[in-house]
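Enquirer: Got a predicted structure here, sequence first:
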Amino acid sequence: MSYLPIYKTLSSDTEITALVGNRIYEDFAPKEAKTPLIVWQTISGQAMNDLDSPANFDSLQFQVMVYSSNNKVAQDIRSLTRKALERKAWILNPALSNYDSVRKLFAKGFDANYILER
């Protein structure tokens, strides 16, 4: 379980939950999960160490991906998700895009960085 407030931030946004409900998952979505849905994961991190004291902050990079059978819906949810998170995080790569030909799902997402106070 992550200490990042990604789920809390996204699940409290009424525009997002109107489209995905509670289908916001850390690391992976259940195979039977309905779409559209959001999956996020921490992809790297670094303690912000000082020479004279322990780290007070961690710099954590995370990735958010939106999955939908409709490309426009995936893009719209990505935009709402970015809007909700960029108040607290730096968006690094705003244009991740993929298509899963097996499940026939569009994937739209972004990478971001979050400074977490310890």
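Expert: Yes, it's here. Numbers count the residues shown, from 1 in each chain.

Enquirer: Excluding chain neighbours, what is closest to L4?
Expert: Closest residue in space to L4, ignoring its immediate chain neighbours: Y114 at 5.7 Å, by Cβ to Cβ, 6 or more residues apart in numbering. All C-beta atoms are positioned from the backbone trio N, CA, C, and that covers glycine.

Enquirer: Report the beta-bridge partner residues of that neighbour.
Expert: L60 (DSSP bridges).

Enquirer: My guess is it contacts E86. True?
Expert: No. If you go by Cβ atoms under 8 Å, Y114 and E86 don't touch, sitting 10.6 Å apart.

Enquirer: between the two, who's got more neighbours?
Expert: Under the neighbour definition other Cβ atoms under 10 Å, Y114 and E86 were set side by side, and Y114 has more, 20 against 13.

Enquirer: which residues touch that one?
Expert: Taking Cβ atoms under 8 Å, 6 or more residues apart in numbering as the criterion, Y114 is in contact with 4, 59-62, 88-90.

Enquirer: quick one: it and Q61, what's the gap?
Expert: 8 Å (Cβ to Cβ, to the nearest Å).

Enquirer: Same question for A89.
Expert: In terms of Cβ to Cβ, A89 sits 9 Å off from Q61.

Enquirer: list residues touching both of those two?
Expert: With Cβ under 8 Å, 6+ apart as the test, A89 and Q61 both reach 112-114.

Enquirer: quick one: which of A89 and Q61 has more around it?
Expert: Neighbour count, other Cβ under 10 Å: between A89 and Q61, A89 has more, with 24 against 17.

Enquirer: isn't that one right up against F110?
Expert: No. Judged on Cβ under 8 Å, A89 makes no contact with F110 at a distance of 9.7 Å.
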